[in-house]
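>>> Next input, structure requested:
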Amino acid sequence: MPIHSVTLPRIADAYRRHCKRWVSTSVAGAAERDRDARMAGAFLVMPFLLAVALAASHSLFSEAGGMLSLGVGVFALPMIFCGTLSLVRNAARLGLAALASYGAAIALIAVMAPSANLLLWIMGAAIPLEAWFVMRSQKALALSGGIAAAVLAVLLGVSVWMGGNVTLTAFSLLASLAYGATLLVRSAGALVARGQEARRDDRVADLESAVDGVVIGLGRDGMITALSCKAQEHFGVARGLLIGTALVERVHVSDRVHFLAFLSDLRSGTAATAAEIKLRCVAPGDAAKPAHTVRFATYRLSGVPQSRDNGLVVVATDISNAVADRFALDAARTQVEAAEVTKGRFLASVSHELRTPLNSIIGFSDVLLQEICGKLPDARQREYVELVHQSGTHLLSVVNAILDVSKIEAGTYPIMAEPFAFKDAVTMVHDMMAHQASQKNVTLCDRVSRNIGTVVADQRAIQQVLINLVSNAVKFTESGGVVTIDAGLHGDMLAFSVSDTGIGIAEADLQTLGQPFRQVQNDYTRRHEGTGLGLATVKGLIGLHGGQMDIRSRPSEGTVVNVLIPLAGPRIEPVPAEPVNIVEFRADGDSEGGSHAQARKSA
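Okay, here's the model as predicted:
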């Protein structure tokens, strides 16, 4: 490998590091620090350029003042300007002063020289370029252009005064060509860098506009080095005031420990790809409150480690609205659950209160119908008493159904699981519903597998399920139809079904079946009494047994209700362990479970 390919980059890197040492520590932005480093480099090179100009003008050894100027220029000017640069925060004025001194030195050399010099003309004309290399701004070009015009005017005056003679020696020609070559190389490099920076700025701007948050550049010490354009919108402070400050100062006091741990993970690289944390940061104050009021908003900070020199990149996203929506949703869900519990308790209480007078009405009307206290003198009175008895019985069945549904929804329905013969339950239901089926000329049959022995379940609840299903099937089956109870084994589950050849149910209505007080509305159902609680009760009782219910039906073809329940009885859920206390932050800045940003398990 050639020596220059190794030596030159090392020399350039060492020179850049040396220039950066002269930059003031109070300069916050990375771009400002790079500008000041370039300015320090220009300060260090400027005296050597003037020394070459003196040598090319043959005035270095002909005048004692030339030697004195060289010594002052080489040793005094860099120290003065670089020392001042390390103390000031805004170096623009210092750069202008140095540029004016540089132009004055060129004019002084031209006055002291015995003849005009090509190198001086090139150096004077290149002053705007030198200023642009350092400052890279339109304002610097305008000011340096004025200084260059003044220097060139002095050179023109000197040239006219000396009769227009230009001395062109080999040394001055070589120095002019070398300086011109450096100008060309630096100009090309600056143009390429400017194009790359413009493309990078466009990509960064597109990324920042796409990111719903603030992109923050952090030094490894946690100082803010760069901010996206949305910073003032989120933090309520101008970007220029935030750059150079510590991000931890924007974090709520109780969350700073977790932020420092988050920063430490990014610096150490323990986070393989990215780290994330939720905490509270200072946000713009509420306009409705006093100006001195401080408001904190919940942010999600996602950090990605970069190279050791470039520091860290953190994206802060305001999630206050999402947190507020989540808490509002939780509050609404709690209110709905409380309303459901209140409704269930109300229905249970009302049902209990109604059953006592209804039992009295049914009992006394039955006594009257039996004519225990004497015969009814009029047939019309008997008819009225029968209507009272029928209405009371129907109303009591409705009240009982409401009470059962409310208990099931409230989770207070008692399930007493015990072994019993499923065949006996089916026989009891068959005998109970046979009279109702015969009145409608509907055939009721059952087909229970011989393999079914005892089942562990609540016998009363299972019988109620069968009675409700068979009653519905008989009710909605026309004369001459068939209602069948089938039962068999399906693994460790008991599978039974009630099918009919009745009117059937439309597919759109199947979605609402099983919900309390929901009935299929058609001309046929309007002729039959019902509250829509039968299937709701069935569904709830099957759910309490850990089973499943499936309804299949087609209009005018019939309906099949399939039921699966465990043979061994309802599965008893284990007592849940102590819940994990997840820390969640409210939108108003308060947090639940303390200020920790991670989940904390109870002992």
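
>>> could you give the mean pLDDT of the helix or strand hosting residue 332?
Secondary structure from DSSP states H and E places residue 332 in helix 320-370. Mean pLDDT, computed over helix 320-370, is 81.

>>> ok, now how distant is residue 464 from residue 425?
10 Å (CB to CB, to the nearest Å). For every residue, glycine as well, the C-beta is placed using N, CA and C.

>>> Could you name whichever residue is most remote from the centre of this structure?
residue 377 (81.4 Å; CA atoms, centre = their mean).

>>> Which pLDDT value belongs to that residue?
80.

>>> Repeat that for residue 293.
Value listed for residue 293 in the pLDDT field: 60.

>>> do residue 399 as well
78.

>>> and the lengthiest strand in the chain, how far out from the chain's middle?
When the chain is parsed with DSSP state E, its longest strand is strand 295-305. Here strand 295-305 is found 11 Å from its chain centre; the criterion is CA atoms, centre = their mean, to the nearest Å.

>>> Same question for stretch 317-336.
Counting by CA atoms, centre = their mean, stretch 317-336 comes out at 14 Å from the chain centroid.

>>> With just CA atoms, put it into CSV.
The C-alpha trace of stretch 317-336 is given here as CSV (Å, rounded to 0.1, in the frame of the first residue of the first chain):
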residue,chain,number,x,y,z
THR,A,317,-44.5,10.3,20.4
ASP,A,318,-47.3,12.0,22.3
ILE,A,319,-49.7,9.2,23.4
SER,A,320,-51.7,11.3,25.8
ASN,A,321,-54.8,11.0,23.7
ALA,A,322,-54.5,7.2,23.4
VAL,A,323,-54.0,6.9,27.2
ALA,A,324,-57.0,9.2,27.8
ASP,A,325,-59.1,7.1,25.3
ARG,A,326,-58.1,3.9,27.0
PHE,A,327,-59.0,5.2,30.5
ALA,A,328,-62.3,6.5,29.1
LEU,A,329,-63.0,3.1,27.6
ASP,A,330,-62.2,1.4,30.8
ALA,A,331,-64.5,3.8,32.7
ALA,A,332,-67.3,3.3,30.2
ARG,A,333,-66.9,-0.5,30.4
THR,A,334,-67.0,-0.3,34.2
GLN,A,335,-70.2,1.8,34.0
VAL,A,336,-71.8,-0.7,31.6
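
>>> so what does the longest strand of the chain touch, helix or strand wise?
helix 256-268, strand 275-283, strand 312-318, helix 320-370 (3 or more CB pairs under 8 Å, 6 or more residues apart in numbering; DSSP states H and E).

>>> so what's residue 462 closest to, chain neighbours aside?
Counting by CB to CB, 6 or more residues apart in numbering, residue 425 is the residue found nearest to residue 462 once chain neighbours are left out, at 5.8 Å.

>>> same deal with residue 366?
With CB to CB, 6+ apart, the residue lying closest to residue 366 is residue 389, at 6.1 Å.

>>> From residue 396, how far off is that neighbour?
Counting by CB to CB - residue 389 and residue 396 are separated by 11 Å.

>>> ranges for the strands of the stretch 151-300 of the chain?
166-167, 214-218, 224-227, 275-283, 295-305 (DSSP state E, counting those that start in this stretch).

>>> just so I know, which of those lies nearest residue 416?
strand 275-283 (48.3 Å; CB to CB).

>>> so residue 111 touches residue 157, yeah?
No - under the criterion of CB atoms under 8 Å, residue 111 is not in contact with residue 157, lying 9.1 Å apart.

>>> got the domain boundaries for the protein?
Here the domain parsing of the chain from automatic domain parsing is 3-207, 211-318, 327-410, 418-566.

>>> Hmm, residue 466 and the residue nearest to residue 462 touching each other?
Yes - counting by CB under 8 Å, a contact exists between residue 425 and residue 466, whose distance comes to 6.7 Å.
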